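J.: Here is my input; please provide its structure:
(chains A and B)
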Protein chains: 2
Amino acid sequence: MTLDEKKWFLESAEEAGTVFGLKVTAKLHGECSPYQSIEVYDTLKFGRLLVIDGYIMLAQRDNFLYHEMLVHPALFTHAGPRRVIIIGGGDCGSLTEALKHEGVEQVTQIEIDERVTRVSERYFPELTAGIADPRARLRFTDGIAWMRAAPAASADVIIVDSTDPIGPAKGLFESAFYAQCHRVLAPGGMLAHQSESPFLHLELIRAMRLAMREAGFHAVATLDFPQPVYPSGWWSATLARKGANLDGFRETAAERRAFETRYYSPATHRAALALPPFVLEALEGS
Amino acid sequence: MTLDEKKWFLESAEEAGTVFGLKVTAKLHGECSPYQSIEVYDTLKFGRLLVIDGYIMLAQRDNFLYHEMLVHPALFTHAGPRRVIIIGGGDCGSLTEALKHEGVEQVTQIEIDERVTRVSERYFPELTAGIADPRARLRFTDGIAWMRAAPAASADVIIVDSTDPIGPAKGLFESAFYAQCHRVLAPGGMLAHQSESPFLHLELIRAMRLAMREAGFHAVATLDFPQPVYPSGWWSATLARKGANLDGFRETAAERRAFETRYYSPATHRAALALPPFVLEALEGS
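T.: Predicted coordinates for the structure are as follows:
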């Protein structure tokens, strides 16, 4: 087939030898912030599309998969999360999901690029709805430096909603950063970090898990979920827990949650933890 | 980005407004059979690629997901499958998986286009390995007509490994065909049909389930799994059972299976049946 490239937003995943594209109807926004290029497109079938440095960050139609599965498993595993930190996550989708948990008293988000949040407020208001919540605190600064300065045992859950492990986000995948997260978490605290594709990036997931253990975390678990706009259409998050195991979660609370979810449920939470044999084999010992 | 289209095999999914492509290194084969065009490419990262009428059928790297999840849940749900029928499936990946079950005495495959099988023998020998098994019977004829002529209660499992519900495969998604399957199955018999994407084709899955019930099946269940080379990267199979329910499967036998699987396990079998809320809602009453 021949593509009219003006009508498609295309992203190639070099490491996979694949290309994925969405048919676009308009370019709504384009700017270069001090950190990166930020673009917004309208697409024919996936709603609006957020693109950073040429990589698809999210589309309106399917981002619920990623945001629900990055946030809810961690919060329903912790016994009673009150203080949540989000590193990255400038589109505020994770922030808004975390604030749906009634016991949460404060969500502090540290995003390096304020422009991502401002652009998201304009084009993705459903994702940034949480900003208006009095429990939300936004800080626009470097997440690694911020975590180093944060008080010990001051958080229950840390969610790392980062871009890929290249450029500024690279340090977020390393054990020095995870060690700071471990220090900042109270006992029983949970770390959740998006961990790329279980089909394409098993070496990275393995390295992340080893780095988390090296940083002092007691238990580590990876869960998977579909994500059509990301390479391979299949994505993961890796959880780590301080001083407690990761067997089970608050199933009754999850069942009786007072908010709507489209992908997350106690059943899909359990299912996401059931990794296939080839993934288990690649992660063995990590 | 700009694509050199000679270096990529591209497939657009009109209904999704998406395009997916694989970087190709060579075109190995191209022909027009009496039924369709058949092409084989070598790709940079996904091994060889089989394309029919311009649509990706399978790649060497990821077809294990589809074949394992179409075949093993059905065979491990049936109490003791001996006689298996495969409709379509010319690449023989499903045939070869089904023959791994030691209790299976005969697998009869009815593929309309012998050329698909012959091309697969040449380029995908790992998929066609089962042809050499004395329990395998290949018939190259129309699956709908063949099923109408098959004796009642003569099969334990019917696997419909079809192309999309357009063109010649359309009749395979209709209740008249499912009624013939129901007649040909013995009591307790299982039907398994690939049922497209849970993200893109929920209306079709719903219609398939209703058609299966209308055809007399007692219970219906849909399961999902990742499939990177198909639209949305997320695919499904729908199971139906004659005169028995679909609660549970032979977990001990699945655990002790004497063959290797890369995606299927008792844990992923259970997980695949845990559909997310938005899918359950769309399928409600079907």
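
J.: which one is the closest residue to chain B within the stretch 151-286 of chain A nearest to, not counting chain neighbours?
T.: Residue nearest to chain B within the stretch 151-286 of chain A: residue A:233 (1.4 Å; Cβ to the nearest Cβ). For every residue, glycine as well, the C-beta is placed using N, CA and C. Leaving aside its chain neighbours, residue A:233 sits nearest to residue B:233 (1.4 Å; criterion: Cβ to Cβ, 6 or more residues apart in numbering or on different chains).

J.: ditto for residue A:171
T.: residue A:144 (5.1 Å).

J.: Ok, residue A:8 next?
T.: Using Cβ to Cβ, 6+ apart, the closest residue to residue A:8 is residue A:21 (4.4 Å).

J.: residue contacts, the one you found?
T.: A:3, A:8-11, B:18-21 (Cβ atoms under 8 Å, 6 or more residues apart in numbering or on different chains).

J.: Hmm, which of the residues you listed is lowest in pLDDT?
T.: Note: of these, the lowest pLDDT belongs to residue A:3, at 74.

J.: Could you list the buried residues of stretch A:38-50?
T.: Residues of stretch A:38-50 classed as buried: A:38-43, A:45-50 (neighbour count, 16 or more other Cβ atoms under 10 Å in any protein chain shown).

J.: Does it reach chain B?
T.: Yes - under the criterion of Cβ under 8 Å from any Cβ of the partner chain, stretch A:38-50 makes contact with chain B via A:43-46.

J.: Show the average pLDDT along that stretch.
T.: 98.

J.: now do stretch A:193-203
T.: Taken as a whole, stretch A:193-203 has a mean pLDDT of 98.

J.: Go through it and flag the buried ones.
T.: Those would be A:193-202, for stretch A:193-203 by 16+ other Cβ under 10 Å.

J.: And the next helix or strand past the strand with the most length in chain A?
T.: Determined from DSSP state E, the single longest strand within chain A is strand A:18-32. Reading on from strand A:18-32 to the C-terminus, the next helix or strand found by DSSP states H and E is strand A:37-43.

J.: Indicate each strand paired with the helix or strand harbouring residue A:159 and its parallel or antiparallel sense.
T.: According to DSSP H and E, residue A:159 maps onto strand A:155-161. In the sheet, strand A:155-161 lines up against strand A:83-88 (parallel), strand A:185-194 (parallel) (DSSP bridges).

J.: And the contacts of that strand?
T.: So strand A:155-161 is in contact with A:70-71, A:74-75, A:78, A:80-89, A:93-94, A:98, A:143, A:172, A:181, A:184-186, A:188-194, going by Cβ under 8 Å, 6+ apart.

J.: 7 Å instead, please
T.: Outside of strand A:155-161, the residues within contact range by Cβ atoms under 7 Å, 6 or more residues apart in numbering or on different chains are A:70-71, A:74-75, A:78, A:81-89, A:94, A:98, A:172, A:181, A:184-186, A:189-194.

J.: Show me which residues of the stretch 51-200 of chain A sit near chain B.
T.: The stretch 51-200 of chain A has residues residue A:199 near chain B, with proximity defined as Cβ under 7 Å from any Cβ of the partner chain.

J.: quick one, phi psi at residue A:252?
T.: As for residue A:252, its main-chain torsions (degrees, to the nearest 10) stand at phi -70, psi -40.

J.: check contacts around it.
T.: Residue A:252 neighbours (Cβ under 7 Å, 6+ apart): none.

J.: can you tell me how far it sits from residue A:266?
T.: To residue A:266, residue A:252 is 9 Å away according to Cβ to Cβ, to the nearest Å.

J.: again with residue A:140
T.: Distance from residue A:140 to residue A:266, by Cβ to Cβ: 36 Å.

J.: Residue A:172 too?
T.: When residue A:172 is compared with residue A:266 (using Cβ to Cβ), they lie 29 Å apart.

J.: Between those two, tell me which one has more neighbours.
T.: The neighbour comparison of residue A:172 against residue A:266 (other Cβ atoms under 10 Å in any protein chain shown) goes to residue A:172, with 22 against 19.

J.: which residue sits closest to the more buried one, ignoring its sequence neighbours?
T.: That would be residue A:162: by Cβ to Cβ, 6+ apart, it lies 4.7 Å from residue A:172.

J.: Equivalent analysis for residue A:227, please.
T.: In space, and not counting its chain neighbours, residue A:227 is closest to residue A:235: 3.9 Å by Cβ to Cβ, 6+ apart.

J.: Tell me who's in contact with the one you found.
T.: A:66, A:196-197, A:224-225, A:227.

J.: Could you export the residues you listed as CSV, including secondary structure?
T.: Shown next, in CSV, are those (DSSP: H, G, I helix; E, B strand; the rest coil):
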residue, secondary structure
A:66, helix
A:196, coil
A:197, coil
A:224, strand
A:225, strand
A:227, coil
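
J.: Including distance to residue B:110, could those residues go into CSV?
T.: Shown next, in CSV, are those (distance: Cβ to Cβ, whole Å):
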residue, distance to residue B:110
A:66, 41
A:196, 41
A:197, 36
A:224, 35
A:225, 36
A:227, 36
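
J.: Considering the contacts of residue A:21, which is situated nearest to residue B:129?
T.: The closest of those to residue B:129 turns out to be residue B:20 (Cβ to Cβ; 28.0 Å).

J.: thought the residue nearest to residue A:172 was touching residue A:192?
T.: No - between residue A:162 and residue A:192 there is no contact under Cβ atoms under 7 Å: 11.2 Å.

J.: wait, isn't residue A:278 in contact with residue B:262?
T.: Yes - if you go by Cβ under 7 Å, residue A:278 and residue B:262 touch, sitting 4.1 Å apart.
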